[in-house]
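Undergrad: A structural model of the following input is requested.
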Amino acid sequence: MEARDIASSARRCALSGKAFAQGDCVRSYLLDAGREYERVDMLAAECAAYVAPKPVVCRWDWQVKPRDNRAKEALRDALEQNEAMFCALCDGGEAAPSGEENAILRHLLCLALQRKRVLRPVDGQRGQYLHTASGRVFLCPEPQTLPADLLRKASALIQPV
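TA: Next up, the predicted model:
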């Protein structure tokens, strides 16, 4: 038996085009389209006139629930805080830690922000990173620490005081 993908739920009714609202009863049909399945979602109140253009594999009803955006918002907030912290550490200032601790913290934040594409390495310039939103270039050389020491010191930085 070969694997077939099934699309996730739609956000609009296939018949009327109305957006689904919290509490709406939705009827979903899974249609056999040969080598793949086709999913059709519509308001249950409007499905009486629906004639499936392909064989129906199954159908089910479900209720639209509120989307939980708290986790996404928390991740977005954390990214913004990391970005602000990195910029503050690179700009200096009296509150920024100095020396090796600063270098390690900046390096770890730089790695995290590169992964999220907030920072990009400047071509041919080792230790220089372009902040994509502002266009500023930050200097963030790798700390002169062995990876095992880096991990130990990084964990010490995040310990509660």
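Undergrad: and the contacts of the least confident helix or strand in the chain by mean pLDDT?
TA: When the helices and strands of the chain are scored by mean pLDDT, DSSP states H and E, helix 147-157 comes last with a mean of 70. Residues outside helix 147-157 that contact it (C-beta atoms under 8 Å, 6 or more residues apart in numbering): 100-101, 104-105, 107-108, 143, 145. C-beta here means a position set from N, CA and C on the backbone, and glycine is covered the same way.
Undergrad: can we see that at 6 Å?
TA: With C-beta atoms under 6 Å, 6 or more residues apart in numbering as the test, helix 147-157 has contacts from 104-105, 108.
Undergrad: can you check the pLDDT for residue 139?
TA: pLDDT for residue 139: 88.
Undergrad: helix, strand or coil for the residue nearest the centre of the chain?
TA: What sits nearest the mean C-alpha location of the chain, by C-alpha atoms, centre = their mean, is residue 72, with 7.2 Å. Of the three states, residue 72 takes helix under DSSP: H, G, I helix; E, B strand; the rest coil.
Undergrad: and it, how far from residue 152?
TA: Applying C-beta to C-beta, to the nearest Å, the value for residue 72 to residue 152 is 32 Å.
Undergrad: same question, residue 141
TA: Counting by C-beta to C-beta, the gap from residue 141 to residue 152 is 20 Å.
Undergrad: and for residue 28?
TA: Distance from residue 28 to residue 152, by C-beta to C-beta: 52 Å.
Undergrad: and for residue 51?
TA: For residue 51, the distance to residue 152 - C-beta to C-beta - is 67 Å.
Undergrad: pick out whichever of those two has more residues nearby.
TA: residue 152 (11 against 4; other C-beta atoms under 10 Å).
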